[in-house]
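In: predicted coordinates and the sequence they were generated for:
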Amino acid sequence: AEVKHYDWDVEYMYWKPDCVEHLVMGINGKFPGPTIRAKAGDTVQVNLTNKLGTEGLVIHWHGIRQINTPWFDGTASISQCAIDVGESFVYNFTVDRAGTYFYHGHFGMQRSAGLYGSIVVDVADGEKEPFAYDGEVNLLLSDWWHESVHEQEVGLSSKPFRWIGEPQSILINGKGQYNCSLGAKFLNDSARSCSDTEMSPQCQPDIQSVDQNKTYRVRIASTTSLASISFVIGNHNMTLVEADGNYIQPVSVDSLNIYSGDTYSVLITTNQDPSTNYWISAYQIARKPPLPPPGLTILNYKPNPVSDTPLSPPPTSPEWNDFAGGKSFANKILALKSIPKPPTKSDRLNTQNTINGYVKWAINNVSLVLPTTPLIGSLKFGLKNAFDGKSPAEDFPATYDIMKPPVNPNSTYGNNLYNFDYNITIDVIIQNANILSANVSEVHPWHLHGHDFWVLGYGDGKFSEENDGKNLNLDNPPLRNTVVIFPHGWTAIRFVTDNPGVWPFHCHIEPHLHMGMGVVFAEAVDKIKTIPDGVLTCGLTAKNSGPVGGSS
Ligand code: C2O
Ligand code: CU
């Protein structure tokens, strides 16, 4: 195995992700950040320098489980102190498993500011993927607002509450077009073609050139702040083979429903009419219109010119509220035979969400806030004053009507910290409820750090132990690190606490997390090994542990 070393400077810069100039967070002068490419078993080292000027910085490696290195998970207030302005910090971890991943900021709403990039892990030398392909296409999906992330944050925390609204643009590999469309000639109303002058190289579509009659692995990762995406490649069926770094039973689909935090690989064969190019399109779905126009780029069949507009119009979007389609897609994802099966017994805890007066999301009526001292340090060194040690509820009232706005909309703040012993099995039923307004429940993709979990099932309405509990899929549930909950529905997951660390479990919608939609799982904290220097340089750990983080 090799060591892959990267030196990254993170700073704000002027950029035109969708042809309109705004500030973005760039890495080494680029947006999105550089792709990390390694082989399973390699060590990745990232020497990160904060050149943001006025704010702290961390980066989370989404999907990398950080086995034995929970302090390099890159979550501010949980696994480490934010890196101060002008300082550097070296992340040093193993990428133990092949797959498609990504990285992103995990302090405040820095992901929304554009701090992200791809991670691709190939199989170790001598190993083979369970499918074959001739080439690769790598796509990172995101959404983009013209309002600055600081303004978004302040709005969300203000009274009256100011919602960020829908994104202005959907980006593919960091590129989108705001005021014009690549597909203009097919769209009636006012859609206009993009002129050469407005299409700065920063927003020109990242065209994917392919040879004819070959099989390509298309890797897709979604780091959207909010948007759920319907992803289509015009005229091409896709065979799903990987989800969140785990192999799945190959299944053919014509579109993918991708939620924030999901990653997939699909195989396509370039066997369509070779005289034209094809659209790659990413529509926002699952929220009420008006929604932004699709992110578009082109699958270029060589030797056609890259600039050739496809002969057929861009694929159309499904209805925004086609949740039946979303569920049927979700239920198609099943584990490949070689994937370990879940244990059949478990402890169980329920979570749910409601809203409060300052608008917040809450889990069992507690809205997540994070302490100044990173939890990994407070827990390891027993600094009881550094956090709120209240055990959050394991359940919510049996009488709670998830179809109605909460009867008691007043939540409290808390660290939502669940303490788990080593090697026990945890089931979580994530129960989706109605928001403060009547007849509305939203989609939330939940992501767990430090783990994959088995997705045991999805259902409508309120989870019933008696009926639903018996019908969970214990046979071939897929392993994932992110899973969606549908409006007014539930999702059941299971994992084993075999990775000592302090791991957030939260909605991957950036403004929802900011509004408190998350919990923290502290797992076998007595088994966390010596925390390296430089991780705990803030709060009470800085004062109490002398030379930072060194001793236990
Ligand atoms: Cu990709 Cu806690 O996030
Ligand atoms: Cu959410």
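Out: Ah, there it is. Ligands and ions are numbered 1, 2, ... in the order given.
In: does residue 447 count as helix, strand or coil?
Out: Secondary structure assignment for residue 447 (DSSP: H, G, I helix; E, B strand; the rest coil): strand.
In: how about the contacts made by it?
Out: 62, 261, 481-482, 505-508 (Cβ atoms under 8 Å, 6 or more residues apart in numbering). Heads up, the C-betas are built off the backbone N, CA and C, glycines and all.
In: go with 10 Å
Out: 60, 62-63, 244, 259-262, 480-483, 504-509, 513, 518 (Cβ atoms under 10 Å, 6 or more residues apart in numbering).
In: look at residue 327 and tell me its secondary structure.
Out: helix.
In: I'd say it and residue 443 touch.
Out: No. Counting by Cβ atoms under 10 Å, residue 327 stays clear of residue 443, with 11.0 Å between them.
In: re earlier: show me which of the contacts of residue 447 neighbour ligand 2.
Out: 507, 509 (Cβ under 5 Å from the ion).
In: helix or strand for the one residue in the stretch 151-300 of the chain that gets nearest to ligand 1, which one?
Out: Closest contact between the stretch 151-300 of the chain and ligand 1, by Cβ to the nearest ligand atom, is at residue 261 (5.2 Å). In this structure, residue 261 sits in neither a helix nor a strand according to DSSP states H and E.
In: again, but for residue 136
Out: strand 135-144.
In: does ligand 1 sit close to that strand?
Out: No. Figure legend: strand 135-144 not in contact with ligand 1 (Cβ under 6 Å from any ligand atom); closest approach 12.1 Å.
In: name the SS class of the residue nearest to residue 116 when sequence neighbours are not counted, please.
Out: Nearest non-adjacent residue to residue 116, counting by Cβ to Cβ, 6 or more residues apart in numbering: residue 104, 4.0 Å away. Classification of residue 104 using three-state DSSP returns strand.
In: you'd agree residue 296 is in a strand?
Out: Yes. Secondary structure of residue 296 (three-state DSSP): part of a strand.
In: which residue is the nearest non-sequential neighbour of it?
Out: Closest to residue 296 by Cβ to Cβ, 6+ apart is residue 182, at 4.8 Å.
In: can you count the residues close to the one you found?
Out: 26 (other Cβ atoms under 10 Å).
In: show me what contacts the residue of the stretch 151-300 of the chain closest to ligand 1?
Out: Residue 261 is in contact with 62-63, 102, 104, 221-224, 244, 445-448, 480-484, 506-509, counting by Cβ under 10 Å, 6+ apart.
In: where does the prediction get shaky in this protein?
Out: 188-190, 349-358, 543-552 (pLDDT under 70).
In: show me which residues of it are close to ligand 2?
Out: Counting by Cβ under 5 Å from the ion, the chain sits next to ligand 2 at 444, 507, 509, 512.
In: show me which residues of stretch 132-144 are buried.
Out: By 16 or more other Cβ atoms under 10 Å, the buried positions in stretch 132-144 come out as 133, 137-144.
In: and what of stretch 34-52?
Out: In stretch 34-52, counting by 16+ other Cβ under 10 Å, buried: 36, 38-42, 44, 46, 48-50, 52.
In: return the closest of those with respect to residue 209.
Out: Distance to residue 209 across the buried residues of stretch 34-52 (Cβ to Cβ) is lowest for residue 36, with 23.0 Å.
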